[in-house]
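1. Kindly return the folded structure for what I paste below:
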Amino acid sequence: MMVLFNRRQTLGLMGAAAASLATPAIAQNKKIVVGALNLASHSGSFIALERGYFADAGLDVELKFFQAAQPMAVAIASGDVDFGVTAITGGLISLADKGAVKVFGGALTEEPGIEGQKILASNAAFDAGVKTPKDMDGKRFGVTTAGSSFHYMGSKVAEKEGVKLEFVPLQKVGAVIGALKSGQIDAWSIVPNIAGGLTGADAAHEIGIIADYLPNYQVTTLFTSAKNASDRREETKAFLTGYNRGAADYNAAMVDKTADDADALVEIIHKYVYSDQPIETASASIKAGSMRLSKNAALNLASVRDQLSWFQSEDLVDKSISIETLVDTSYVDIIEN
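-> Numbering: from 1, shown residues only. You can find the predicted model right below:
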């Protein structure tokens, strides 16, 4: 069936959390909670925790895991989570409009010359003729939720190719993977280590790359409560200090190959990613297609603007929301291309 998304549906998910915004309890040497997904793209946080970089910055960090980006934004607004690392969603933007959250840095990014996110077709769709993104007209494209990054990516690909997609919300990344394998959906876009695992197991076919449609895409960002961003700057800077050290280790070993501790980092990441598999099996998937984590959390504001504009054009968020409402640009270097 055709699934239509509107702003009311997106905002409905936020109701209870946005109604009573708690003040996150972040203080030097006190425990803070950092939101994450069980994906290699969150390795900056994993490494910073396991190598003591957060502790060195004076923070006692606990990780809280989610199955999709949008619930993490709700958790930031409610005070259950202090800092998050995830994609911009309609829910996050709507919470920023309510004065609840702020984006303050960049994380995962598409970079020319570095392997990035793949567009996949199910085996059934591929056999039926879906060989390129242009062949996806009328096909079912998997997303986690309305207004998710998957929804944004799929729409931008469809727009450029002049095709229409039926977006199917499945809530969790694992559910999308299952639907692709079983042919319940025809296509999806995902980070290269997951995509490589699927194509390597003959469970899907690669038919394109996101970078051809969204060059320099700021895939994920760092965000926190608006209260933290404005009033608890030292704690927010401390989080950045720890996170950036973890991200730098990841880039050096996994992306640039200028450090020789990739195997040691795989052991750390494996605690959180593919932990249900033996490390001998998981190692190749963790290493495959490692994408850049923004140096010093620099934020590609041009990409964020494009994302905001798309959400507004789809009537998923209010058209009056400004980039200043969504982003605090005072913490990191800003990229405008």
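
2. where exactly do the helices run in the stretch 201-337 of the chain?
-> With DSSP state H, counting those that start in this stretch, the ranges of helices along the stretch 201-337 of the chain come out as 226-231, 233-250, 262-270, 279-287, 301-313, 323-326.

3. now do the stretch 51-200 of the chain
-> Counting by DSSP H, counting those that start in this stretch, the helices of the stretch 51-200 of the chain are 53-56, 69-78, 90-97, 123-127, 149-161, 173-182, 192-200.

4. how about the nearest residue to Ala179, chain neighbours excluded?
-> In space, Ala179 comes closest to Ile185 once its chain neighbours are excluded; the distance is 4.5 Å by C-beta to C-beta, 6 or more residues apart in numbering. C-beta coordinates here come from the backbone N, C-alpha and C atoms, glycine included.

5. Please apply the same query to Ala203.
-> In space, Ala203 comes closest to Lys181 once its chain neighbours are excluded; the distance is 4.9 Å by C-beta to C-beta, 6+ apart.

6. Then Phe311?
-> Val317 (4.6 Å).

7. I'd like to know how many residues surround the one you found.
-> Other residues within reach of Val317, judged by other C-beta atoms under 10 Å, total 25.

8. burial count for the nearest residue to Ile32 once chain neighbours are set aside?
-> Counting by C-beta to C-beta, 6+ apart, Ile32 lies nearest to Asp82, which is 4.3 Å off, once chain neighbours are set aside. When neighbours are counted by other C-beta under 10 Å, Asp82 registers 27.

9. Wait, Asp82 touches Thr224, no?
-> Yes - between Asp82 and Thr224 there is a contact at 6.5 Å, judged by C-beta atoms under 8 Å.

10. hang on, the earlier thing: my guess is the residue nearest to Phe311 contacts Leu92, does it?
-> No - checked against C-beta under 8 Å, the pair Val317 and Leu92 is beyond contact range at 9.3 Å.

11. picking up where we left off before, quick one, phi psi at the residue nearest to Ile32?
-> Main-chain dihedrals, Asp82, degrees, to the nearest 10: phi -100, psi -40.

12. Give me the local confidence score for it.
-> In this model, Asp82 is scored at 96, pLDDT.

13. okay, now Lys271: neighbour count?
-> 12.

14. that older thread, Gly90 versus the residue nearest to Ala179, what's the distance?
-> 20 Å (C-beta to C-beta, to the nearest Å).

15. want to throw the helices of the stretch 51-200 of the chain into a markdown table with distance to Gly106, mean neighbour count and mean pLDDT?
-> Listed next are the helices of the stretch 51-200 of the chain as a markdown table, based on distance: least, C-beta to C-beta, whole Å; neighbours: other C-beta atoms under 10 Å; pLDDT from 0 to 100:
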| stretch | distance to Gly106 | mean neighbour count | mean pLDDT |
| --- | --- | --- | --- |
| helix 53-56 | 18 | 18 | 96 |
| helix 69-78 | 15 | 25 | 87 |
| helix 90-97 | 14 | 27 | 92 |
| helix 123-127 | 33 | 17 | 97 |
| helix 149-161 | 14 | 21 | 95 |
| helix 173-182 | 21 | 18 | 94 |
| helix 192-200 | 19 | 20 | 88 |
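
16. what's the closest of those helices to Thr241?
-> Closest of the helices of the stretch 51-200 of the chain to Thr241 is helix 53-56, at 7.6 Å (criterion: C-beta to C-beta).

17. Which strands and helices lie in contact with the closest one?
-> Applying 3 or more C-beta pairs under 8 Å, 6 or more residues apart in numbering; DSSP states H and E, we find helix 53-56 packed against strand 60-65, helix 233-250.

18. 6 Å instead?
-> helix 233-250 (3 or more C-beta pairs under 6 Å, 6 or more residues apart in numbering; DSSP states H and E).

19. By mean pLDDT, which helix or strand of the chain comes out lowest?
-> Here the helix or strand of the chain ranked lowest by mean pLDDT, DSSP states H and E is helix 15-19, holding a mean of 42.

20. Which residues are in contact with Trp188?
-> 120, 142, 176, 180 (C-beta atoms under 6 Å, 6 or more residues apart in numbering).
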